[in-house]
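> Quick one: sequence plus predicted model below, questions after.
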Amino acid sequence: MIPPSPPVSRCRTQGFAGYNLAWSPFFENKLAVASSANYGLVGNGRLHIMSLGPGAVAPSPGLMVEKMFDTQDGLYDLAWSEAHENQIVTASGDGSIKLWDVALNDHPIRNWAEHTREVFSVDWNNIKKEIFASSSWDCSVKVWHPERKTSLTTIQSHTACVYACAFSPHNPDLLATGSGDGHLRLFDLRQPPTTGVGGGGAVAPPTLEPVATLPVGGEVLCLDWNKYRPLTVATGSTDRGVKVWDLRNAIGGVGKTLSTSLPGRGQMPVAALLGHEYAVRKVAFSPHSANLLASASYDMTARVWDVDAGVQGMASGMPAVGGSGAMRRVYDAHTEFVVGIGWSLFHEGLVASTAWDCETHLWGAMG
């Protein structure tokens with residue numbers, strides 16, 4: 001394990017605690033940070049558009065704020081459009097979702113207000129590039145088109161707040177969710193909705209049912225798909241564990257895209273990566289390597305893991321703890337909760353993290 005070292009670059013967002021960040025899929029030196037005043041408990045939000053100056057991926061102070069957009073409530077998440085180079089969607093504490101054009105100077109170009117509580121996650125589909133999804137503390141997940149005034153689909157199959165949602169990078173119709181009830185769920189948007197019975201015998205609104213439900217342990221705060229291995233998902237939760245799941249083990253087949261389940265193995269992760277001292281707030285698979293996974297935690301650290309080493313450890317009956325060879329990097333330069341993390345899409349091995357210390361850092365995955 002490589003010892004901690006200072007960041008390659010850092011940028012301060014004075015008075016606004018970072019909540020998550022996202023690298024532009026179009027511009028190699030641009031990223032955005034969603035942030036909130038007063039740690040997101042009360043007050044305004046701010047969307048920061050940051051850029052990396054010349055030499056920013058070498059030791060230099062190259063990360064800087066290029067533009068800011070203020071909101072009336074805290075921002076908890078964001079996602080760049082996969083179809084329009086200047087558009088970003090944000091998730092807000094007042095239940096609203098806003099679409100911004102960073103080439104403009106002030107107001108959002110779209111605003112949706114269907115969620116009734118905090119929106120905690122948004123994710124843009126990188127195959128079916130015209131849609132994105134949101135999840136909320138109101139226990140619902142919604143799918144949107146930026147040109148539509150109302151949502152396309154509402155999923156009401158959860159019984160607790162939905163902290164995370166993410167489309168598969170391999171199949172545009174598969175959507176995974178992580179919930180406060182401790183489960184990872186997989187939905188196939190091609191499946192027909194079902195109608196159940198609500199309170200007092202009333203007919204409940206149609207909704208999609210999951211094609212797989214896995215007990216993770218603790219509240220599931222985050223998830224991410226492996227970019228190279230279909231149906232491989234990582235989760236982070238309040239039980240302090242980073243877990244990797246092979247969803248082929250949990251499902252019997254959806255349409256013609258998913259393979260036959262493996263009896264008896266569907267409810268177990270293929271790797272359990274242990275080392276964080278508090279809840280895991282964010283996980284992110286590398287866009288350049290199938291075996292590398294980054295995580296961010298309330299223990300004020302970010303870490304990089306070798307998933308393959310974790311799988312080998314699990315197969316031998318030993319979860320991958322810090323000294324087992326699965327943990328490749330501990331980054332501890334933040335001084336508050338680390339709640340957002342993302343790999344550069346263009347600079348291999350470059351990671352950005354954002355924290356409640358009102359700083360966003362760039363650092364190398366391998367030191």
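Sure thing, it's come through. Numbers count the residues shown, from 1 in each chain.

> Only C-alpha atoms from now on, for both contacts and neighbour counts.
Fine.

> Where does the prediction get shaky in the stretch 51-200 of the chain?
Applying pLDDT under 70 to the stretch 51-200 of the chain flags residues 54-61, 196-200.

> try it again with 90
52-62, 105-106, 192-200 (pLDDT under 90).

> Now do the strands in it.
All strands of the stretch 51-200 of the chain, identified by DSSP state E, counting those that start in this stretch, fall at 63-71, 75-80, 87-92, 97-101, 110-112, 119-124, 132-136, 141-144, 153-155, 162-167, 174-179, 183-188.

> Turn the ones you listed into TSV, including mean neighbour count and distance to Val233.
Shown next, in TSV, are those (neighbours: other CA atoms under 10 Å; distance: least, CA to CA, whole Å):
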stretch	mean neighbour count	distance to Val233
strand 63-71	17	31
strand 75-80	29	19
strand 87-92	24	23
strand 97-101	21	26
strand 110-112	16	29
strand 119-124	27	15
strand 132-136	27	17
strand 141-144	22	18
strand 153-155	19	20
strand 162-167	28	10
strand 174-179	25	9
strand 183-188	23	9
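
> For Asp224, which of the ones you listed is the nearest?
Nearest to Asp224, of all the strands of the stretch 51-200 of the chain, is strand 162-167, at 6.7 Å by CA to CA.

> With distance to Ser353 as extra columns, can I get the strands of the stretch 51-200 of the chain in a markdown table?
What follows is the strands of the stretch 51-200 of the chain, written out as a markdown table (distance: least, CA to CA, whole Å):
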| stretch | distance to Ser353 |
| --- | --- |
| strand 63-71 | 12 |
| strand 75-80 | 13 |
| strand 87-92 | 18 |
| strand 97-101 | 22 |
| strand 110-112 | 27 |
| strand 119-124 | 17 |
| strand 132-136 | 22 |
| strand 141-144 | 26 |
| strand 153-155 | 31 |
| strand 162-167 | 18 |
| strand 174-179 | 21 |
| strand 183-188 | 24 |
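
> So which of these is nearest Asp332?
strand 63-71 (18.8 Å).

> residues in contact with the closest one?
By CA atoms under 8 Å, 6 or more residues apart in numbering, the residues outside strand 63-71 that reach it are 9-11, 44-53, 56, 102, 105-107.

> Can you give the strand pairings for it, parallel or anti for each?
In the sheet, strand 63-71 lines up against strand 45-52 (antiparallel) (DSSP bridges).

> what's the angle from the strand it pairs with to strand 75-80?
40 degrees (axes from the mean of the first three to the mean of the last three CA atoms, to 10 degrees).

> Distance from the chain centre to strand 45-52, please.
18 Å (CA atoms, centre = their mean, to the nearest Å).

> List the contacts of that strand.
16, 29-37, 62-75, 92, 102.

> For Leu274, see how far away Gly180 is.
Counting by CA to CA, to the nearest Å, the gap from Gly180 to Leu274 is 20 Å.

> First residue to last residue on stretch 12-31, what's the distance there?
In stretch 12-31, first residue to last residue: 14 Å (CA to CA).

> average pLDDT for it?
When pLDDT is averaged over stretch 12-31, the result is 96.

> now the helices: where do they sit in the protein?
307-315 (DSSP state H).

> filter the contacts of strand 63-71 to the buried ones?
9-11, 44-52, 56, 102 (16 or more other CA atoms under 10 Å).

> Quick check: the farthest pair among those residues?
Greatest spacing in the buried ones among the contacts of strand 63-71, by CA to CA: Asn44 and Ala56 (29.7 Å).

> Surely Trp305 touches Tyr331?
No. Counting by CA atoms under 8 Å, Tyr331 is not a contact partner of Trp305; they are 11.8 Å apart.

> Can you pick out the residue with more neighbours from these two?
Counted by other CA atoms under 10 Å, Trp305 and Tyr331 do not tie: Trp305 has more neighbours, with 26 against 23.

> Please name the nearest non-neighbouring residue to the more buried one.
Spatially, and ignoring its direct neighbours in sequence, Trp305 is nearest to Met327 (4.5 Å; CA to CA, 6 or more residues apart in numbering).

> number of nearby residues for that neighbour?
Around Met327 there are 25 residues (other CA under 10 Å).
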